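Trainee: Please find the sequence and the predicted model below.
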Amino acid sequence: MTVRGIVLTQKPLREQDKFIDILTETGVMEILVKGSAKMSSKSGSATQLFAYSEFDISDRHAQNKARILTGVTPIQIFYGLRNSVSLVALASYFAQIVLYSSLPKSSTPELIRLFLNCLHYLSEQNVNAEHDESMIKCIFELRTASLLGFQPDVIMCRKCGEYLPERLYFSIEQGCFWCDTCADKGVLMLSGALQAIRHITLQDFEKIFLFRVADHCRPALYAFAEQFLQYHIDRKFPALDYYKQIKQ
Ligand SMILES: [Zn+2]
């Protein structure tokens, strides 16, 4: 059997063996990589963290029901990630989000494309500065929340129906917003942040990265994205804490 997937985690086993978790179109799969150090360097990089590869796996199972790797071909290796501890931490946070959530099968192909695009942007950020690291994190968090079924209600003020208030309060818990006049709680943000949330959660995937946000709208947008996803998945992410430590 051959499957395409992104390596989410690797757990060293005996000297030269390891388990890896990969995200495939049908969900997360565990694979036993035997004697990884003996393989050619090309195969070695194909099973490293965040590699996107084609995995040949036997239909026999290892002791813990993991599949056994029989061959592997790299499709895309994000070499740019290796130069930065913080980028690896951020990508690990994305991987934990995937591992800790129950993915609807229908959403998995788009989640793979989202993950690959975000890894690409992080890896190439010195070449292409369209979105910085924090914006990539925000896009991943909000779009993944939508894919998991936690779509925020971005249509209008829940009370008076105003479409684009200049100032508004977005509720993490209820996933809806109120204009400045109607609200007294939630994350305070400006209209530019609301428009970004609308774009990231509603736009066709092909256009998801094509938008701009004014700098002064960003802090509230970033805070909302992180808190919203964390609240609705209801898990703590160790990699996120580690990422924040590094950024400080
Ligand atoms: Zn209102």
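Mentor: That came in fine, so what should we check first?

Trainee: Residue ranges in the protein under the pLDDT threshold?
Mentor: With pLDDT under 70 as the threshold, the chain has low-confidence stretches at 36-42, 62-63, 126-130.

Trainee: Next, name the residue at the spatial heart of it.
Mentor: The central residue of the chain, meaning the one whose C-alpha is nearest the mean C-alpha position (C-alpha atoms, centre = their mean), is residue 94 at 3.8 Å.

Trainee: how close does the spatially closest residue to it that is not a sequence neighbour sit to residue 47?
Mentor: Taking C-beta to C-beta, 6 or more residues apart in numbering, and ignoring the residues beside it in sequence, residue 94 has residue 140 as its nearest neighbour in space, at 5.5 Å. Any C-beta I mention is one placed from the backbone N, CA and C, and that applies to glycine too. Note on residue 140: its distance to residue 47, by C-beta to C-beta, to the nearest Å, is 23 Å.

Trainee: Just want to check the distance between the residue of the chain positioned farthest from its centre and the ion.
Mentor: With distances taken from the mean C-alpha point of the chain and given as C-alpha atoms, centre = their mean, the most distant residue is residue 181, at 34.6 Å. Separation of residue 181 from the ion (C-beta to the ion, to the nearest Å) stands at 5 Å.

Trainee: Specify the local secondary structure of that residue.
Mentor: coil (DSSP: H, G, I helix; E, B strand; the rest coil).

Trainee: Provide a list of residues in contact with the nearest residue to it once chain neighbours are set aside.
Mentor: Using C-beta to C-beta, 6+ apart and skipping the chain neighbours, the partner closest in space to residue 181 is residue 160 (7.1 Å). With contacts defined as C-beta atoms under 8 Å, 6 or more residues apart in numbering, residue 160 is in contact with 179, 181-182.

Trainee: Going along the chain from whichever strand or helix holds residue 96, find the next helix or strand for me.
Mentor: Secondary structure assigned from DSSP states H and E places residue 96 in helix 85-100. Beyond helix 85-100 in the direction of the C-terminus, DSSP H and E gives the next helix or strand as helix 108-123.

Trainee: Okay, buried residues for stretch 61-75 please.
Mentor: When neighbours are counted by 16 or more other C-beta atoms under 10 Å, the buried residues of stretch 61-75 are found to be 62, 66-67, 69, 72, 74.

Trainee: I meant to write stretch 114-126 there.
Mentor: Neighbour-count burial for stretch 114-126, counted by 16+ other C-beta under 10 Å, picks out 114-123, 125.

Trainee: All set now, cheers.
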